[in-house]
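Visitor: here is my input, please return the structure:
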Amino acid sequence: IGDPIDPSTVNISTLEIHLLLCTRIQCRRERDYEKSDELQRELQRGGVYVNDKQKTWRGDGKTYFPKPNENHDDGTAGSSKIPKMVDCQTMEDAIQSIHDNLDRVAMRDLVAFWMVLPRLLHGNYDQY
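Guide: Model (predicted):
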């Protein structure tokens, strides 16, 4: 879900998709739902479908979004959550958590990783 896109079903570039999504998010923040809906229709015409509830999109020709923890055809879980970085006790735990979930890592997970990094490097678990 998200990148990569299927060029046979999507007729806009990844850069255009991201720009439209960012503009749409800004419109929703400003409560300009009419413009937000217009941008969503533009994405759909381009072959991109957005799921606001799961905060994801897909451009692979499918309009279906698996529910979190729903099993995929390959037997893997569909959850987009990875273990919380604040629960990691060592640097190795944090790195392993990211490594084991590379296909599901979101920007917020990387931000969380960098937020706990000083604590893990210094071993000061009470500070945070």
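Visitor: got any ranges where the protein has weak pLDDT?
Guide: Residues of the chain meeting the criterion pLDDT under 70: 1-3, 67-81, 123-128.
Visitor: what segments of it are helices?
Guide: Applying DSSP state H to the chain gives helices spanning 14-29, 33-45, 91-100, 107-122.
Visitor: find the centremost residue of this protein, please.
Guide: For the chain, the residue nearest the mean C-alpha position is A106 (4.6 Å; Cα atoms, centre = their mean).
Visitor: rewinding a little: now render the helices of the chain as a markdown table, adding mean neighbour count and distance to K84.
Guide: Any C-beta I mention is one placed from the backbone N, CA and C, and that applies to glycine too. Formatted as a markdown table, these follow (neighbours: other Cβ atoms under 10 Å; distance: least, Cβ to Cβ, whole Å):
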| stretch | mean neighbour count | distance to K84 |
| --- | --- | --- |
| helix 14-29 | 15 | 24 |
| helix 33-45 | 15 | 31 |
| helix 91-100 | 15 | 9 |
| helix 107-122 | 14 | 7 |
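Visitor: let me have the ones you listed in JSON lines, extended by distance to D6.
Guide: Shown next, in JSON lines, are these (distance: least, Cβ to Cβ, whole Å):
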{"stretch": "helix 14-29", "distance to D6": "12"}
{"stretch": "helix 33-45", "distance to D6": "14"}
{"stretch": "helix 91-100", "distance to D6": "27"}
{"stretch": "helix 107-122", "distance to D6": "23"}
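Visitor: out of these, nearest to W57?
Guide: Set against W57 and scored by Cβ to Cβ, these come closest in helix 14-29, at 6.5 Å.
Visitor: pull the contacting residues for N11.
Guide: 46-47 (Cβ atoms under 8 Å, 6 or more residues apart in numbering).
Visitor: thanks a lot, see you next time.
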